[in-house]
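could you look at this predicted model? Sequence included:
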Amino acid sequence: MLQAAGLKTGELPELWNLTEPGKIAAVHRAYIEAGSRVIYANTFGVNRFKSARCGHSPAELIHAAVRCAKSAAGDLPVKVALDVGPLGQLLEPLGTLRFEEAYDVFREIMAAGEEAGADLVVIETMSDLYEVKAAVLAAKEHTKLPVWVTMTFEQSGRTFVGTTVASMALTLTGLGVDALGFNCSLGPKELLPLVRELRRWTDRPLILKPNAGLPDPATGAYHITPDEFARELVPALDLGVYILGGCCGTTPEFIRALNDALPETVPDAPAVPLQSGVCSGTRAVAFGGVHVIGERINPTGKKRFQQALREGDMGYIVERGVEQQDAGAEILDVNVGLPGIDEVELLPRVVKALQGVTDLPLMLDSSDPKALEAALRVVSGKAIVNSVNGEQDVLDAVLPLCKKYGAAVVGLCMDRGGIPQTWRARVEIAERILSAALSYGIPKSDVLIDCLTLTVSAQQEQARETLRAVRCVTEELGLHTVLGVSNISFGLPAREQVTVSFLTQAMQAGLDLPIVNPNQRAVMDAVASFRVLSGEDVAAEGFIRRFADAAPAEASKPVASMSLADAIMRGLRDETAALTEKALETMGEMDVVNTLLIPALDRVGERYDKQEIFLPQLISAANAACEGFELIKRRIASRGGESVSKGRLVLATVHGDIHDIGKNIVRVVLENYGYTVIDLGRDVPAKEIVEAVRREHVKLVGLSALMTTTVVSMEETIRALREAGLDCRIMVGGAVLTPEYAAEIGADYYAKDARQSVEIARQVLG
């Protein structure tokens, strides 16, 4: 609508808040007249990164935007939302933007929005749950405004970076957002199945703002009419969606049609049993059934692990996480407590390192509330906190943190008097912990109880007391239970035999979150067997898969024996570098590149194509491979040899388009395949691209455009490259492009994702 009013390609829409306030207000009025009761201020792209080039601060643009919206609303019952979009940069570990810096950028936006008079905050069009968390924390800690969040999902049921519906729901519900849902990317029909899934995981009001179908990249037109849009969106009311609207392509006519189609009486939300659980940014673990918590990231009795903590050896620590995931752990316990260690600094550092190589949810195990808060801030999803007992001062210190960050909490059945000797006394402490958690607003479903395991060699009768306590907490209190099972056999010979027997009895009593060493095959076999007998493993499919190809009594393969390909697949940088160095003892540099590094990345790419892994794992593997490439580059350079680069190419986001996340991901993956990338950045005029290609003598150019309005610039750039007579091939990519349209505008190749860009580079550059 702004372009129809004269906004030029490449011009910042938010600048019009100052230069053309009348035109901005006119757009708002058109939507209000069509029936909108919440209007989004023209602030979607305002942040210190994007607005730096326009000569105005984010606060200036935000204040002007809210003024425009407020003037359009007048005295009508219309709310003005501060519209907060993605920052345009990848957060760690996908990119280089630190979580703390992203939080600070969002803090500036949120504070300015409230000061300007916005009625609520809407964080929208997000694909990275980690970035959403930074924005939500900034909004809740620096404003008193309601917070709505909508993320952008693809037809796969995940966002661009792999976030699941369950992960989004668990994390954002825990953080206390006021409403959540979906916007952009798809039409109403395609989003309705995702709404059904979302309803299972949250009781918050749901939001649905679909596109008007999919755009034609040649014309920018969307294929759904206003009446079709309304007809397809109204059924969302029956799924409990109370906030409806439109995203790309939905002009005021769409909102008017939707408003006219809505019934006078809104149906009640369907009664759906809510599922609780924990998650990382890309994987959720639902409570219910047995789920293994890996115990190995813990310094107790482990001299090598203690050494790694003291030396800050993240490589060794993350390897313990990877090997446990490979062995079947579904949640990782993280404990870095050691005399002389600064847990406040180290615990969040370990959390970040683990999130770079594993997608498992985390359980934070610390008695230091400051360390817990530091770690809870940077957890990408919803964590478990394992540190409260029946002492009131401990409950008062830790439970508020669990409430603020939406974490589940493990309550230990002990108090100042130690561990009670009877099962009944332990259950009484569990009741006290539950009551305290509820008083702080933590839902019952997020309260887990550890009835505590004592060493059977010293207190034999306590095994029975623990099992009775587990059964009572499960059946009478209705809570999920955690148990450090391995403690039972301490000091005995053949410990594994006792551990497995006790684990089986505990699961029968109701234990569903055992803390064990998943590298012990007999332990994991016992879990697999129990899942069959309890009916959790339907048709014994998991059990059959586990034993179909397994060597008898063989433990999971330890990280120490892995191959270079394994290290790359798991994203282990230190291990990749060490194994590359070892390979160079018997092989030439380019042999290592061509027979080990590149084939390993190809296998990662194949898994990505099959959706067995997602973007975080792809980037992690590429970054690990980079360690091998860099080692080889340094070795060749030290003796004055030629570069190891497989070829050079230019990448750019075309003029008028300031969205370059996709282009940045392509750059990372290509560089880690050994190509040299000359990255011209975003919003690059065609003339600059032509000059760079001529100057650098490259044979391949990659052009990116995210918006339908900037594919025109892409076409103009391709024409300019052809008219300049440059001997280069051109690949294009972006959310709005299709293979057909890429060919129509003169591109040689269409790259649907970073993986395909590598195949194109191979064809052109070798």
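Looks like it came in fine. Worth saying up front: this structure is predicted, and the values here are computed from it rather than measured.

buried residues of stretch 342-362, list them for me.
Residues of stretch 342-362 classed as buried: 343-344, 346-362 (neighbour count, 16 or more other Cβ atoms under 10 Å). In short, each C-beta sits where N, CA and C put it, glycine included.

correction: the previous question concerned stretch 755-766.
Arg755, Gln756, Ser757, Val758, Ile760, Ala761, Val764, Leu765.

over to stretch 252-260?
The neighbour-count check on stretch 252-260 (16+ other Cβ under 10 Å) flags Pro252, Glu253, Phe254, Ile255, Arg256, Ala257, Leu258 as buried.

next one: stretch 520-540
Buried-residue list, stretch 520-540, by 16+ other Cβ under 10 Å: 520-521, 523-532, 537, 540.

now, those residues that are in helices?
Arg521, Val523, Met524, Asp525, Ala526, Val527, Ala528, Ser529, Phe530, Arg531, Val532 (DSSP state H).

quick one: the strands in the stretch 251-400 of the chain?
Along the stretch 251-400 of the chain, counting by DSSP state E, counting those that start in this stretch, strands occupy 277-279, 284-286, 293-297, 331-334, 362-364, 384-388.

can I get these in TSV including mean pLDDT?
Listed next are those as TSV, based on pLDDT from 0 to 100:
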stretch	mean pLDDT
strand 277-279	98
strand 284-286	97
strand 293-297	97
strand 331-334	98
strand 362-364	98
strand 384-388	94
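
out of the ones you listed, nearest to Val500?
Nearest to Val500 among these is strand 293-297; the distance by Cβ to Cβ comes to 14.8 Å.

give me the angle between the closest one and strand 384-388.
Relative orientation of strand 293-297 versus strand 384-388 (axes from the mean of the first three to the mean of the last three Cα atoms, to 10 degrees): 70 degrees.

tell me what strand 293-297 is packed against?
Packed against strand 293-297, as judged by 3 or more Cβ pairs under 8 Å, 6 or more residues apart in numbering; DSSP states H and E, are the following elements: helix 314-327, strand 331-334, strand 513-516.

give me the packing partners of the helix or strand bottoming out on mean pLDDT in the chain, helices and strands only.
The weakest-scoring helix or strand in the chain, judged by mean pLDDT, DSSP states H and E, is helix 661-672 (a mean of 83). For helix 661-672, the elements it packs on are helix 615-638, strand 648-653, strand 676-679, strand 700-704, strand 729-733, helix 754-765, judged by 3+ Cβ pairs under 8 Å, 6+ apart.

for those, which one ends up most surrounded?
Greatest average neighbour count among the helices and strands packed on helix 661-672 goes to strand 700-704 (a mean of 28), per mean count of other Cβ atoms under 10 Å.

what angle separates the helix or strand following that strand from strand 648-653?
Of the helices and strands lying after strand 700-704 in sequence (DSSP states H and E), the nearest is helix 711-723. Orientation note: helix 711-723 sits at an angle of 150 degrees relative to strand 648-653 (the same axes, to 10 degrees).

list the buried residues of helix 711-723.
Under 16+ other Cβ under 10 Å, the buried positions of helix 711-723 are Val711, Val712, Ser713, Met714, Glu715, Glu716, Thr717, Ile718, Ala720, Leu721.

quick one: contacts for the third one?
Contact partners of Ser713, counting by Cβ atoms under 8 Å, 6 or more residues apart in numbering, are Thr9, Gly10, Val654, His655, Gly656, Asp657, Ala686, Ala705.

find the nearest non-adjacent residue to the third one, please.
By that I understand Val654. Leaving aside its sequence neighbours, Val654 sits nearest to Ser713 (Cβ to Cβ, 6 or more residues apart in numbering; 4.1 Å).

any idea how far Val410 is from that neighbour?
Ser713 is 54 Å from Val410, where distance means Cβ to Cβ, to the nearest Å.

what's the answer for Leu274, then?
Distance check for Leu274 against Val410: by Cβ to Cβ, it reads 20 Å.

and the buried residues of stretch 252-260 as a markdown table, adding distance to Val736 and pLDDT?
Converted to a markdown table, those look like this (distance: Cβ to Cβ, whole Å; pLDDT from 0 to 100):
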| residue | distance to Val736 | pLDDT |
| --- | --- | --- |
| Pro252 | 22 | 97 |
| Glu253 | 22 | 97 |
| Phe254 | 19 | 97 |
| Ile255 | 22 | 97 |
| Arg256 | 26 | 98 |
| Ala257 | 24 | 98 |
| Leu258 | 24 | 97 |
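
of those residues, closest to Gln462?
Leu258 (63.3 Å).

the closest one contacts Thr251, doesn't it?
No - assessed by Cβ atoms under 8 Å, Leu258 is found out of contact with Thr251, at 11.6 Å.

what's the overlap in contacts for these two?
Residues touching both Leu258 and Thr251 (Cβ under 8 Å, 6+ apart) are Pro226.

who are the contact partners of Arg682?
So Arg682 contacts Gly88, Ala652, Thr653, Asp657, Ile658, His659, Asp660, Lys663 (Cβ under 8 Å, 6+ apart).

residues contacting the fourth one?
Under the criterion of Cβ under 8 Å, 6+ apart, the contact list for Asp657 reads Arg682, Asp683, Ser704, Ala705, Leu706, Met707, Thr710, Ser713.

with the last one instead?
When contacts are counted by Cβ under 8 Å, 6+ apart, Lys663 touches Leu651, Ala652, Thr653, Asp679, Arg682, Gly702, Ser704, Gly733.

now do the contacts for the second one.
Pointing back at Ala652 there. Counting by Cβ under 8 Å, 6+ apart, the residues that Ala652 touches are 663, 679-682, 684, 688-689, 692, 701-704, 717.

same list (those residues) but as TSV, adding distance to Gly245.
Output for the contacts of Ala652, formatted as TSV (distance: Cβ to Cβ, whole Å):
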residue	distance to Gly245
Lys663	29
Asp679	36
Leu680	36
Gly681	33
Arg682	28
Val684	33
Glu688	38
Ile689	37
Ala692	41
Val701	39
Gly702	35
Leu703	32
Ser704	28
Thr717	34
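
now do the helix or strand where Lys140 lies against helix 615-638, angle only.
Secondary structure assigned from DSSP H and E places Lys140 in helix 129-142. Angle of helix 129-142 versus helix 615-638, following the same axes, to 10 degrees, is 110 degrees.
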